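Peer 1: I would like the atomic coordinates for the input below:
(one chain, ligands or ions: 2)
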Amino acid sequence: MSKVEEKLFQDRYRVDVGRPHIAIKNAELCAQCSNQQCTVCCPAGCYTAEANGRVVLSTDGCLECGTCRIICDEHRNVEWEWPRGGFGILFKFG
Ligand code: SF4
Ligand code: SF4
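Peer 2: Ligands and ions are numbered 1, 2, ... in the order given. Prediction:
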């Protein structure tokens with residue numbers, strides 16, 4: 001059985017440079033977020049907790065699963081859209 005990391009390696013991702021399809025609405029709210037659950041629930045590791053309490057989002061490699069949109073239930077701080085056509089994840093290569 002392959003590990004998740006090995007399976008993810010089979011996917012390909014086309015970055016829409018300068019037009020991320022997900023955004024954190026208010027970075028200050030993330031600094032006040034008690035659990036910062038997005039940093040542990042995103043299967044692609046797009047959210048990173050920084051030492052200063054802030055959270056950084058990079059949508060490169062996003063699997064479009066929608067988890068971060070649901071899990072941010074305390075502050076509803078995630079702006080989420082599908083990528084434009086032709087961009088984003090392409091599943092099942094290799
Ligand atoms: S769960 Fe929402 S509010 Fe909390 S750190 Fe993540 S994006 Fe910010
Ligand atoms: S949609 Fe899924 S893979 Fe993409 S950033 Fe949110 S949790 Fe991560």
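Peer 1: now do the strands in the protein.
Peer 2: Listed in chain order, the strands of the chain (DSSP state E) span 12-14, 22-24, 47-49, 55-57, 78-80, 88-90.
Peer 1: okay, the ones you listed in TSV with mean neighbour count next?
Peer 2: Placement of C-beta: from N, CA and C, glycine included. Compiled in TSV, the strands of the chain are given as follows (neighbours: other Cβ atoms under 10 Å):
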stretch	mean neighbour count
strand 12-14	13
strand 22-24	18
strand 47-49	18
strand 55-57	17
strand 78-80	16
strand 88-90	15
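Peer 1: output those as JSON lines; include the columns mean pLDDT and distance to Gly66.
Peer 2: Formatted as JSON lines, those follow (pLDDT from 0 to 100; distance: least, Cβ to Cβ, whole Å):
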{"stretch": "strand 12-14", "mean pLDDT": "87", "distance to Gly66": "17"}
{"stretch": "strand 22-24", "mean pLDDT": "97", "distance to Gly66": "10"}
{"stretch": "strand 47-49", "mean pLDDT": "98", "distance to Gly66": "14"}
{"stretch": "strand 55-57", "mean pLDDT": "97", "distance to Gly66": "15"}
{"stretch": "strand 78-80", "mean pLDDT": "98", "distance to Gly66": "7"}
{"stretch": "strand 88-90", "mean pLDDT": "89", "distance to Gly66": "12"}
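Peer 1: hmm, the lowest-mean-pLDDT helix or strand in the chain in reach of ligand 2?
Peer 2: Using mean pLDDT, DSSP states H and E, the weakest-scoring helix or strand in the chain turns out to be helix 4-8, at a mean of 79. No: Helix 4-8 stays clear of ligand 2 (Cβ under 6 Å from any ligand atom), getting no nearer than 10.0 Å.
Peer 1: quick one: name the residues of the protein near ligand 1.
Peer 2: Selection of the chain residues close to ligand 1 by Cβ under 6 Å from any ligand atom yields 24, 29-30, 33, 36-38, 47, 55, 72, 75, 77-78.
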